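1. Generate coordinates for the sequence data below:
(one chain, ligands or ions: 1)
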Amino acid sequence: MNIKEEFRLALRELVYPVCVVSTYNDETKENHAITVSSVTSLSFEPPSILVCINKDSSIHSSLKKDSNFNISFLSSSQTEISNLCGTDELSDKRFDNDFWDFKNNIGFIKNSQSVISCTIKEITSHGSHSVFFGDVVEVIKNSNTKPLLYGKGEYLDI
Ligand SMILES: Cc1cc2nc3c(=O)[nH]c(=O)nc-3n(C[C@H](O)[C@H](O)[C@H](O)COP(=O)(O)O)c2cc1C
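-> Predicted coordinates for the structure are as follows:
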């Protein structure tokens, strides 16, 4: 087995939160969204967070330095929107539903566990992905939900 496959199988054993990163492209006037698990809190001074996004994804070119994006941490019942934003073939249907609310043109998922709004301060490239470093500008917390988790190739509930 090669190192890439061993790495993939090791990561499959872990459990991840499921989030939707969304933004609005001021030039094209389009909304974009992608399902991600690679979200990590970075620091409290300043409050900041990072997310790793594949350069081939449709949202990638809209995430520019000093632009804003939202991270919606999904609730356990929100597998449908995770699939919509995580499946290439469904990209034209992502905003064609009732899951969204909008602030300053940028979408976020209603009733998600929390929504963290960020400004992109730094972008680093590594291989197939870019790492986006965001300073937190607003937090919406919904305390009455459980998180949606992903592990061993399926959604998990706790
Ligand atoms: C649970 C889950 C987690 C994912 N995590 C990431 C991630 O952290 N980064 C990433 O670039 N893609 C991730 N993906 C894959 C993208 O969501 C998927 O490839 C998406 O279709 C890409 O967007 P596009 O169709 O607009 O190009 C994940 C998918 C799922 C279902």
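
2. contacts and neighbour counts: CA atoms only from here.
-> Will do.

3. What's the local residue count around residue 52?
-> 20 (other CA atoms under 10 Å).

4. Report the secondary structure element holding it.
-> Taking DSSP states H and E as the criterion, residue 52 maps to strand 47-54.

5. which strands and helices sit next to the next helix or strand after that strand?
-> Sequence-wise, the next helix or strand downstream of strand 47-54 (DSSP H and E) is strand 68-73. Counting contacts by 3 or more CA pairs under 8 Å, 6 or more residues apart in numbering; DSSP states H and E, strand 68-73 is packed against strand 19-25, strand 106-109, strand 114-126.

6. Which one of those lies nearest to the ligand?
-> The ligand lies closest to strand 19-25 among these, at 7.6 Å (CA to the nearest ligand atom).

7. right, quick check: the strand holding residue 52 against the ligand, any contact?
-> Yes. Shown here: strand 47-54 in contact with the ligand (CA under 6 Å from any ligand atom) through 52-54.

8. Then stretch 129-136?
-> No. Stretch 129-136 lies apart from the ligand when judged by CA under 6 Å from any ligand atom; the minimum separation is 6.8 Å.

9. Just the C-alpha atoms of that stretch, please, in CSV.
-> Output in CSV follows, covering the C-alpha atoms of stretch 129-136 (Å, rounded to 0.1, in the frame of the first residue of the first chain):
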residue,chain,number,x,y,z
HIS,A,129,-5.3,22.9,-1.5
SER,A,130,-5.2,26.5,-0.3
VAL,A,131,-5.3,27.3,3.4
PHE,A,132,-7.4,30.3,4.2
PHE,A,133,-6.7,32.1,7.5
GLY,A,134,-9.7,34.1,8.6
ASP,A,135,-10.2,36.6,11.4
VAL,A,136,-13.5,36.1,13.1
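
10. Having no further points to raise, I will conclude here.
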